[in-house]
Every structure is written in C-alpha cells, then in structure tokens.
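Peer 1: no FASTA, just this:
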C-alpha cells in the first residue's frame, strides 16, 4: 500500500506542474507592465543618431509630454509601425526615438526610407538605455510626462487602432495633468 502511495506522489507533482505550464501558455508576454511606470526616465548620456558629436541626456524628456519609441533597422515590425508614428508627429505628438542595437549607417538609411517622425534620435548601439528601460525587443514605446516620469508603456507594434484608442488618449491625459 505504501509503495502505491509513493508512486502517486511523482504523478501528482507532474499533474500540478502541467496545470501551471498550461496556464502559462495562455499569457500574453507583450501585456506586461513596465517596472518603471510612475518612475523617472532612466539617466543616460548618449550621442544622437544624426551627429556622433552631439550628446543628449534624460533632460531631453522634460518640459513636455514625449513619446519615446525604441526601434531598430533590423526590426520588421518597426517598419510596419512607422506610418502610425508619422501620423502621431503630424498630429502634434512629440516623439523621441531610441535607435536600439543598430549601426549609425543602417539607422540613418532606415529613416531615409521610411520617414523620420522623431524630433531627436538617441543612438544606443550597445543597448545600454534599452537595458535600463527593461526593453526585451523592439518596438517598445514609453510615454513620458513633462516632469520626465514614465506614465505609459506599450510593448510591440503600435497599430492604427492603438493610435486612436490608447496613444492619443494617454497623451491628452498627461498633457492636461
């Protein structure tokens, strides 16, 4: 009898693990919230994509609401997202780009081909700023309020629907705060 009971213990453990793993398959990893919400944008000091001698830091993100978009030439969904970012810029949303884990030449060629909605492009070839932001892929977008506090995080591609349903309402909300 004890022997049968001992054989059931590994089976029960396996069943419990199987339930947890099955539940994990239904989770959406892009729906995670950033650990940086309601915190200051991380400190950084990097050059701009356009000019290796021009250095910018986190003070770039104070004074007005800014959408910070992490992108890379190597990222296929960044190409799909570009029309939405261009539309946001046309509608008066301030955008700052972070060219993430890229080369300067490829990043510049990307913007020439797909358009440049960004007021400034921070060049992050090593991914240090991306690491500090908790980025695990591109594109990722952060809404930063006028005081430099991260207020919203969008993981993945911004769809045309996201512009209307989420991004513009969030920008409006934090402009009025």
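Peer 2: Nice, I can see it. What you see is a predicted model; the values in this text were computed from it and never measured.

Peer 1: burial of residue 53, as a residue count?
Peer 2: 6 (other Cβ atoms under 10 Å). All C-beta spots, glycine's among them, are computed from the backbone N, C-alpha and C.

Peer 1: so what sits opposite the residue nearest the centre of the chain in the bridge?
Peer 2: By Cα atoms, centre = their mean, the chain has its centre lying nearest to residue 140, at 1.9 Å. Note on residue 140: beta-bridge partners by DSSP bridges are residue 70, residue 155.

Peer 1: measure it to residue 148 for me?
Peer 2: Distance of residue 140 to residue 148, given as Cβ to Cβ, to the nearest Å: 18 Å.

Peer 1: likewise residue 99?
Peer 2: Distance, residue 99 to residue 148, using Cβ to Cβ: 20 Å.

Peer 1: repeat that for residue 97.
Peer 2: Taken as Cβ to Cβ, the span from residue 97 to residue 148 is 17 Å.

Peer 1: more neighbours: which of the two?
Peer 2: More crowded of residue 97 and residue 148, by other Cβ under 10 Å: residue 97, with 27 against 17.

Peer 1: for that one, pull up the helix or strand it's in.
Peer 2: Residue 97 belongs to strand 94-100 when assigned by DSSP states H and E.

Peer 1: in its sheet, what does that strand sit against?
Peer 2: Strand 94-100 sits in its sheet next to strand 66-71 (parallel), strand 120-124 (parallel), going by DSSP bridges.
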